[in-house]
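Asks: Test case, fold it:
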Amino acid sequence: MRKVGILGGTFNPPHLGHLIMANEAFHAIGLDEVRFMPNSIAPHKEVTGANAQQRLDMTRLAISGSRHFSVEDVEIKNGGVSYTFDTMKKMIQKEPDREFYFIIGGDMVDGLSSWHRIDELMEMVRFIGIKRPGYESSSAYPVLMVDSPEIHLSSSMLRERIAKNQTVSYLMPENVEAYIRREQLYGSKHNASESERTTSRKPL
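Replies: Residues are numbered from 1 along each chain as shown. Okay, here's the model as predicted:
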C-alpha cells in the first residue's frame, strides 16, 4: 500500500517549521508522499488574519517545487469545523488502497486523549510525532516519534512579526512572504518583501 502522510493545521501562515516536519517524517518513516491539509475551522483554535482560501493559496506556494509534497483541500471544501476523525474516515473510504499516517508536533502528542473520537481514529491511521524542545511528548496512545532539528518557530510569532513590520526572512518561503505583503495579511503593509527588493535592484 502507498504510505501517505497527512500534515494538518491552520497554516496561518505556513512556515519552514511545517516543511521541516513534513520532510523529517517523509524520510524517517519512508513515506511515499506528504499532503498538507489546511483545515476549514479548527476545533481548538481561532483562525484570524487570513481566510480559508488565502491559507490554501499560501500552503500551495509553500510546497511548490517539492515532488513529494502536495495539498489536500478536503477540509476546506467541506467547510465547518474540521475534525480529523471525520476527515480521515472519508479519505479512507475514497482511497482504501492507501495507508495513512497523521503527522503532529510533539506539543500535540501530550493532548491526544482530548481529540474527537481518538480511540476510533487510532484504528484508522498511524500517528507520527515530531519531537519539539520543551515537551515531554508522551502518550498512552501509540505514536511513532521522529527526531527533528530544533526550531522555535510558530505561525503566531510570524503573524506578530509581520504586524510589527519586523523581518520574517528565512523563516518562511519567500513566495509566501510576497503573497502576505501583496494581500496585506496580518496587518502588513503593501511593501515589497526583501526577496522582491533584492531581485528588483538594477546591477551597478
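
Asks: residue boundaries of the strands in the chain?
Replies: For the chain, the strands defined by DSSP state E occupy 2-9, 33-38, 69-71, 98-105, 126-130, 143-146.

Asks: Please convert those strands to a markdown table, extending it with distance to residue 166.
Replies: All C-beta spots, glycine's among them, are computed from the backbone N, C-alpha and C. Shown next, in a markdown table, are the strands of the chain (distance: least, CB to CB, whole Å):
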| stretch | distance to residue 166 |
| --- | --- |
| strand 2-9 | 23 |
| strand 33-38 | 25 |
| strand 69-71 | 28 |
| strand 98-105 | 24 |
| strand 126-130 | 26 |
| strand 143-146 | 31 |
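
Asks: and residue 62, which of these is closest to it?
Replies: strand 33-38 (7.5 Å; CB to CB).

Asks: and that closest one, what does it pack onto?
Replies: Applying 3 or more CB pairs under 8 Å, 6 or more residues apart in numbering; DSSP states H and E, one finds that strand 33-38 makes contact with strand 2-9, helix 16-29, helix 52-63, strand 69-71, helix 74-78.

Asks: tally of neighbours for the residue nearest to residue 85 when sequence neighbours are not counted?
Replies: Using CB to CB, 6 or more residues apart in numbering and skipping residues adjacent in sequence, the residue nearest residue 85 is residue 117, 4.2 Å away. Residue 117 sits with 14 neighbouring residues when counted by other CB atoms under 10 Å.

Asks: Now do the same contact list for residue 12.
Replies: Contact partners of residue 12, counting by CB atoms under 8 Å, 6 or more residues apart in numbering, are 47-50, 55, 155, 159.

Asks: And those, which is closest to residue 13?
Replies: Of the contacts of residue 12, the one sitting nearest to residue 13 (CB to CB) turns out to be residue 155, at 5.9 Å.

Asks: so how far is residue 168 from the closest one?
Replies: 11 Å (CB to CB, to the nearest Å).

Asks: Can you tell me what sits against stretch 115-135?
Replies: Here stretch 115-135 has contacts from 5-6, 21, 24-25, 28-29, 43, 83-86, 88-89, 92, 99-110, 112, 137, 139, 141-148, 150, 152, using CB under 8 Å, 6+ apart.

Asks: Just the buried subset of these, written out for ChimeraX, thanks.
Replies: Only the buried entries of these go into this ChimeraX selection, using 16 or more other CB atoms under 10 Å:
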select :5,6,21,24,25,29,83,84,85,86,88,89,100,101,102,103,104,105,106,107,108,109,112,137,139,143,145,146,148
